[in-house]
Each structure stands twice: as C-alpha cells, then as structure tokens.
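Q: sharing a sequence plus its predicted fold:
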Amino acid sequence: ETGVTQTPRHLVMGMTNKKSLKCEQHLGHNAMYWYKQSAKKPLELMFVYSLEERVENNSVPSRFSPECPNSSHLFLHLHTLQPEDSALYLCASSQGLAAGTDTQYFGPGTRLTVL
Amino acid sequence: QQQVKQSPQSLIVQKGGISIINCAYENTAFDYFPWYQQFPGKGPALLIAIRPDVSEKKEGRFTISFNKSAKQFSLHIMDSQPGDSATYFCAASRTYGGATNKLIFGTGTLLAVQP
C-alpha cells in the first residue's frame, strides 16, 4: 500500500449504529486530518492531529469522535449520526503543519450514508 | 461565511480549448493559494500553488493568475485534454502566526473536456 488509504470505502449505517472509519498513511508523515466533503459545498476541515495530539477541532459535533493512536493511523468513530452527516469523509496527511510548505496528501475517502 | 468563492460550478470545454476557473477570497491574511484536482473515486491532489509575491505561475499547461488588489486568482488550463476532466478546487491559507496548515476550500468546479 502506498500513500493514504481509507477503509471502508463505502458505509451505510442507521442513526443508532456505531461505526468507525479508518485511515492509514504510508508516507512517514507526522500530521493527519479529517475532512467532510458534501456536494456543492467546500471541503470542511474537521480535525487536525500532529504527533498524535489533536491540535484543531473545527466545532465538530460530539457524535464524531477522532482517535489517533500513532502517527500512521487515524480513526473517526461515529455514533448517533443524522442523515445530514451523509457525505464523503476524506483523510489527509502531511509531513508537518507548515502551511504553504507541507503539502496535504488525501486518501480516496469513505462514502458514508446515514439512513 | 464562505471565505473562498469559486466559479463556475461546472464547465464544458472542447479538446484543445482553454479552461478558466476563478476564485475570490475575502481574508487579506491569506498568503498561499493552491489548486487541487480530484478525479472520481480519488482524493484531491495538489496541482499547482502560488504565493502573492508573484502575479503568475506556470507549470506545463496549468497557469495560476493572481490579482492581489482584487483578491482574485484563477486557474487556466491550456490545450485542455479529456484526461483533464475532473473537479478542481481552489483553496487559501495563512502561513504565519502559528496556523495549523488549515486550508479554506472553494466549492469546486466540475470540468468536462469533450473530445
């Protein structure tokens, strides 16, 4: 595997389910990100981790719970979601947090549908 | 408040033509302006980027034009090819003041290049 991988690629869940999205980066990077991509909306930054420490939480509802056990893995735990949470969830990684220098590399995303 | 406005939402260009996508930003603190390209089923990937100390940057068939006074920048794709068909996102960020590599994205432009 190379780059940034995400599993599963597609997920359908009910509003009462609990599920987790997984992201793994094979680039040796120290920073990881979760984004939400909805149709006709800008990509929304959700969380930023640097060296396993959360450095940004962009006012995300508590039904989304991130976890970064090490610099290569990032999880997004989901519970009690709403239909409006249906979207493509993208993971990204970068060497560091230097904007303009540390390019963000994106995974292919998990297409989430909440029924 | 949408900080980066992108237009058009979709664009159809004939093979060999010029594709032009425009973005406008509001925050004068932004000093890094990347463009990302996203193919179906893939995550966005950095295409080209510019800083406000230059008015134009060219990489192959892709050119960014930057107008600091108007707070606008645009992507020009010369000799457009069917393989350029993708969604293009402009973005902006601030590189100083402890920023956490936070990119503010536009809403995207779906480009279709017809053979």
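A: Arrived safely.
Q: name the residues of chain B found near chain A, please.
A: Where chain B comes near chain A, counting by C-beta under 8 Å from any C-beta of the partner chain, the residues are B:2, B:4, B:9, B:31-32, B:41-46, B:49, B:51, B:89, B:93-95, B:99-108. C-beta here means a position set from N, CA and C on the backbone, and glycine is covered the same way.
Q: apply 7 Å and report the result again.
A: B:2, B:4, B:32, B:41-46, B:51, B:89, B:93-95, B:99-103, B:105-107 (C-beta under 7 Å from any C-beta of the partner chain).
Q: could you report the neighbour count for residue A:29?
A: 20 (other C-beta atoms under 10 Å in any protein chain shown).
Q: what helix or strand is the nearest residue to it once chain neighbours are set aside on?
A: Leaving aside its chain neighbours, residue A:29 sits nearest to residue A:93 (4.1 Å; criterion: C-beta to C-beta, 6 or more residues apart in numbering or on different chains). Per DSSP states H and E, residue A:93 falls inside strand A:87-94.
Q: not counting its own residues, what contacts the following helix or strand past that strand?
A: Moving toward the C-terminus from strand A:87-94, the next helix or strand (DSSP H and E) is strand A:105-106. Under the criterion C-beta atoms under 7 Å, 6 or more residues apart in numbering or on different chains, residues A:3-4, A:27, A:90, A:92-94, B:43-45 lie in contact with strand A:105-106.
Q: pull the strand holding residue A:93 out as CSV, backbone CA atoms only.
A: Extracted in CSV, the C-alpha atoms of strand A:87-94 (Å, rounded to 0.1, in the frame of the first residue of the first chain):
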residue,chain,number,x,y,z
ALA,A,87,-21.0,12.7,2.9
LEU,A,88,-17.6,11.7,1.7
TYR,A,89,-15.1,11.7,4.6
LEU,A,90,-11.6,12.3,3.5
CYS,A,91,-8.4,11.7,5.4
ALA,A,92,-5.2,13.6,4.6
SER,A,93,-1.7,13.6,5.9
SER,A,94,1.3,16.0,5.7
